[in-house]
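Peer 1: The following comprises the amino acid sequence and a computationally predicted model.
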Amino acid sequence: MSLREKLSSLAQRFLQPRNATQRQYEALRAYGVERLPAAPVAARFGYTTASFRALVHQFRLDPERPFFRTPAKGPHTPAKKDQHRQQVIALRKQNLSLYDSSRALHQAGQPLSPAAVAPSLQEEGFAKLPRRADDERLPDTRPTVAAVADVRELDLQPRTLHTKFGGLFLFLPLLAQRPLDRLVRQAGWPGSAMIPAPQALRSLLALKLFGNARHGHVMS
């Protein structure tokens, strides 16, 4: 290999950064030192113009940001999010959101929460995806449809079941002594054919008896 070829190979190490921090450094250096316009710099280093302008803005707010750090002594294990960075980037290039990417990683045996996915995408300069309708999502990443509650489908045939909420049934004799349905109708509580007002009120009461502070915690 000639000297020119060796120098060209070394130059590629700077022109084609291998990690997010180096890419940000080289892009900001080209913009601040070489005085290149934002659009060509963004294109060279794989940013959108908008995300690169945001990177410049962040750097102006914190110009003392350390790009080069002294390596920590002793053995070092990369954080889980760094180990999965390339997978996260590949999933975003497939137009997957934070939650879609987290679900796909979990299915692949690499559990990573949406909160852990987000920093990798931010550091790589990816902008937030626009909100999509459910029919625009990939089949395997659409929200799970919850079961529909309909009192008309209630089956009271004798059966055996296991539950950790069995203590709630101890309140049934007490409830049976109260004219709850009549009181609810007199109070004008809203309801529907699928979920009448007395059943809705009993559901809320069950959450309170179990100790849930908010009905938003019902899934637990």
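Peer 2: Structure's in. What do you need? Residues are numbered from 1 along each chain as shown.
Peer 1: Next, the distance between the ends of stretch 91-102.
Peer 2: Separation of the first and last residues of stretch 91-102 by C-alpha to C-alpha, to the nearest Å is 9 Å.
Peer 1: Show me how far that stretch is from its chain's centre.
Peer 2: Relative to the centre of its chain, stretch 91-102 is centred 9 Å away, using C-alpha atoms, centre = their mean, to the nearest Å.
Peer 1: Phi, psi for residue 167 please.
Peer 2: Reported as degrees, to the nearest 10, the phi and psi values for residue 167 are phi -60, psi -20.
Peer 1: before we move on, what about the one 3 residues further on?
Peer 2: As for residue 170, its main-chain torsions (degrees, to the nearest 10) stand at phi -70, psi -20.
Peer 1: same check, this time on residue 112
Peer 2: Backbone torsions of residue 112, given as degrees, to the nearest 10, read phi -150, psi 120.
Peer 1: least trustworthy helix or strand in this protein by mean pLDDT?
Peer 2: helix 80-83 (a mean of 57; mean pLDDT, DSSP states H and E).
Peer 1: For stretch 57-68, give the mean pLDDT please.
Peer 2: Taken as a whole, stretch 57-68 has a mean pLDDT of 83.
Peer 1: Give me the domain ranges for this structure.
Peer 2: 3-61, 80-123+137-141, 162-217 (automatic domain parsing).
Peer 1: what's the neighbour count on residue 163?
Peer 2: Using other C-beta atoms under 10 Å, residue 163 is surrounded by 8 other residues. Where you see a C-beta, it was placed from the backbone N, CA and C, and this is true even at glycine.
Peer 1: Which secondary structure state is assigned to it?
Peer 2: Of the three states, residue 163 takes coil according to DSSP: H, G, I helix; E, B strand; the rest coil.
Peer 1: Can you show me the CA trace of stretch 173-193 as PDB?
Peer 2: Taking Å, rounded to 0.1, in the frame of the first residue of the first chain, the C-alpha atoms of stretch 173-193 are listed here in PDB:
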ATOM      1  CA  PRO A 173     -73.100 -10.700  51.300                       C
ATOM      2  CA  LEU A 174     -72.800  -7.100  52.500                       C
ATOM      3  CA  LEU A 175     -73.500  -5.800  48.900                       C
ATOM      4  CA  ALA A 176     -76.400  -8.100  48.600                       C
ATOM      5  CA  GLN A 177     -78.100  -6.500  51.600                       C
ATOM      6  CA  ARG A 178     -78.000  -3.100  49.900                       C
ATOM      7  CA  PRO A 179     -80.400  -2.000  47.100                       C
ATOM      8  CA  LEU A 180     -77.500  -0.900  45.000                       C
ATOM      9  CA  ASP A 181     -79.200  -1.100  41.600                       C
ATOM     10  CA  ARG A 182     -82.100   1.100  42.800                       C
ATOM     11  CA  LEU A 183     -79.800   3.700  44.400                       C
ATOM     12  CA  VAL A 184     -77.600   3.900  41.300                       C
ATOM     13  CA  ARG A 185     -80.700   4.500  39.000                       C
ATOM     14  CA  GLN A 186     -82.000   7.200  41.400                       C
ATOM     15  CA  ALA A 187     -78.600   8.900  41.300                       C
ATOM     16  CA  GLY A 188     -78.600   9.000  37.500                       C
ATOM     17  CA  TRP A 189     -75.300   7.300  37.000                       C
ATOM     18  CA  PRO A 190     -74.400   6.800  33.300                       C
ATOM     19  CA  GLY A 191     -74.200   3.400  31.800                       C
ATOM     20  CA  SER A 192     -74.800   1.400  28.600                       C
ATOM     21  CA  ALA A 193     -76.300  -1.900  27.500                       C
END
